[in-house]
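In: predicted coordinates and the sequence they were generated for:
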Amino acid sequence: MSKYRAFRSDIILSIAAAPLYIAATGRYGLRITALLIMTCAAGFILEFLAKTIMHSKVRGYSITAWVLFPLIIPPALPIWMALVSFLFGILASVVFFGGHGRQFISPAAVGWSFALLSFPAAFGFGWTYPFSSPLTGFTRWSAMVPTIDDPVTLFSVPDRISEFIQPILSGNFPQPPANTLPLLTLIIGLLLLLLRASDTRTAFSFIITYAAVQALLAGIAPESTPDPTVHLVGLPIFTAFFLLPDHRTCARTFAGRWLSGAVAGISGVLILNYSSFPGGIIFAVLLANVFSAIIDEGVLSIKYRRAHERG
């Protein structure tokens, strides 16, 4: 992938986040926008200092991570915890590997994982019910009515699931800022694929595998499979279009992209159904990123072996 195309994708991804911030700020308060400003400032300072100290010639900054991170954490997570987690994600996955463009794993996903594992209580109580009006948040700092841990756990009450559909679609259900309006996230995600700002193969592989495995489990054990509405809650849509198919961290080979998307799809469903973190689909992103290089090596080995046998 050319540097120009990678830079173009970074810009498009960053711009595409603007409507999500508008929707999230209206429902959860001005702290969403304030955190965006802080992560952009903190990310720039950290990466600039790292380049200066290490005399790095790598150009560019991981702007997409600065912009996407505030969208994936609970809307009421204390700001200092969010910033510590964000800086850890940039330091561990970008700075230590030589700068933006050399990371092999999503900085936003690393920061999210650090926040969940380091501040579990605050992370759980960071989920809040949104303001009833889509404009209230522009005059308030933060929505402050907490939920019961991760919003996905609300689907453990089957008799109430039918009540959730309309609130979810209208933005009246507790969500990560990125998914305040699921249909908006979906539309913007599809536009990213049309503009080739995200990798189409990885995204489609993830979506197809995720849906197929979930349907298989629903057929085998319907009593232990959550209602399909649960997939509109949390980060499955955002993961499919924004995080997982990032050109800088997805697999390099075409076959590798299909395979790594499948790895994320399978692990995402298993995490949803059987883990202690039902909303932890970001872990599937990390798994896919980590195994992408191994998958690419295997794909290339098979390709060269076949070429040698034919030659």
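Out: Arrived safely, thanks for sending. Numbering: from 1, shown residues only.
In: low-scoring pLDDT stretches of the stretch 1-150 of the chain, where are they?
Out: The stretch 1-150 of the chain contains residues with pLDDT under 70 at 1-4, 147-148.
In: can you give me the strands for it?
Out: Using DSSP state E, counting those that start in this stretch, the strands of the stretch 1-150 of the chain run over residues 128-129, 145-146.
In: in a markdown table: those, plus mean neighbour count.
Out: In this view, the C-beta of every residue, glycine as well, is placed from N, C-alpha and C. Output for those, formatted as a markdown table (neighbours: other C-beta atoms under 10 Å):
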| stretch | mean neighbour count |
| --- | --- |
| strand 128-129 | 20 |
| strand 145-146 | 13 |
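In: need these in a markdown table with distance to W258, can you?
Out: Below are those laid out as a markdown table (distance: least, C-beta to C-beta, whole Å):
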| stretch | distance to W258 |
| --- | --- |
| strand 128-129 | 38 |
| strand 145-146 | 40 |
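In: of the ones you listed, which is nearest I72?
Out: Closest to I72 of those is strand 128-129 (C-beta to C-beta; 15.2 Å).
In: so what strands line up beside that closest one?
Out: Partners of strand 128-129 in the sheet, by DSSP bridges, are strand 145-146 (antiparallel).
In: the partner strand: what's the following helix or strand?
Out: helix 161-170 (DSSP states H and E).
In: ok now that following helix, how far from the chain's centre?
Out: 22 Å (C-alpha atoms, centre = their mean, to the nearest Å).
In: so which elements touch it?
Out: Other helices and strands packing on helix 161-170, by 3 or more C-beta pairs under 8 Å, 6 or more residues apart in numbering; DSSP states H and E, are helix 182-194.
In: buried sites along the helix it packs on?
Out: By neighbour count on 16 or more other C-beta atoms under 10 Å, the buried set for helix 182-194 is 182, 184-186, 188-189, 192-193.
In: which of these lies closest to A211?
Out: L186 (13.9 Å).
In: so how far is I73 from the residue nearest to that closest one when sequence neighbours are not counted?
Out: Among residues not flanking L186 along the chain, I237 sits closest, at 5.5 Å (C-beta to C-beta, 6 or more residues apart in numbering). Distance from I237 to I73, counting by C-beta to C-beta, to the nearest Å: 16 Å.
In: please apply the same query to L135.
Out: L135 is 23 Å from I73, by C-beta to C-beta.
In: got it, and T52?
Out: Counting by C-beta to C-beta - T52 and I73 are separated by 29 Å.
In: between these two, which one's more packed in?
Out: For T52 versus I73, neighbours defined as other C-beta atoms under 10 Å are more numerous around I73 (24 against 9).
In: check contacts around that one.
Out: 82, 85, 111-112, 115, 123, 126, 176-177 (C-beta atoms under 8 Å, 6 or more residues apart in numbering).
In: try 6 Å
Out: Residues near I73 by C-beta atoms under 6 Å, 6 or more residues apart in numbering: 82, 115.
In: what is the nearest of the buried residues of helix 182-194 to K57?
Out: Closest to K57, out of all of those and judged by C-beta to C-beta, is L192, at 29.8 Å.
In: which residue packs closest to that closest one, ignoring adjacent ones?
Out: S198 (4.5 Å).
In: before we move on, the earlier item: do you know which of the strands of the stretch 1-150 of the chain lies nearest V58?
Out: Comparing these by C-beta to C-beta, strand 128-129 comes nearest, at 38.6 Å.
In: got a list of contacts for that closest one?
Out: Strand 128-129 has contacts (C-beta under 6 Å, 6+ apart) with 75-76, 143, 145-146, 174.
In: secondary structure element holding the residue nearest to L192?
Out: Under the criterion DSSP H and E, no helix or strand holds S198.
In: kindly report the same for the one 3 residues further on.
Out: R201 is part of helix 200-220 when elements are defined by DSSP H and E.
In: from N179, how far out is Y210?
Out: Shown here: Y210 relative to N179, a distance of 15 Å by C-beta to C-beta.
In: ok, A264 - how many residues close by?
Out: By other C-beta under 10 Å, 32 other residues sit near A264.
In: in contact with it, which residues?
Out: For A264, the contacting residues are 206, 244, 284, 288, by C-beta under 6 Å, 6+ apart.
In: so which elements touch the stretch of helix or strand the third one belongs to?
Out: With elements delineated by DSSP H and E, A284 resides in helix 282-310, which encompasses its position. In terms of contacts (3 or more C-beta pairs under 6 Å, 6 or more residues apart in numbering; DSSP states H and E), helix 282-310 is packed against helix 107-118, helix 254-274.
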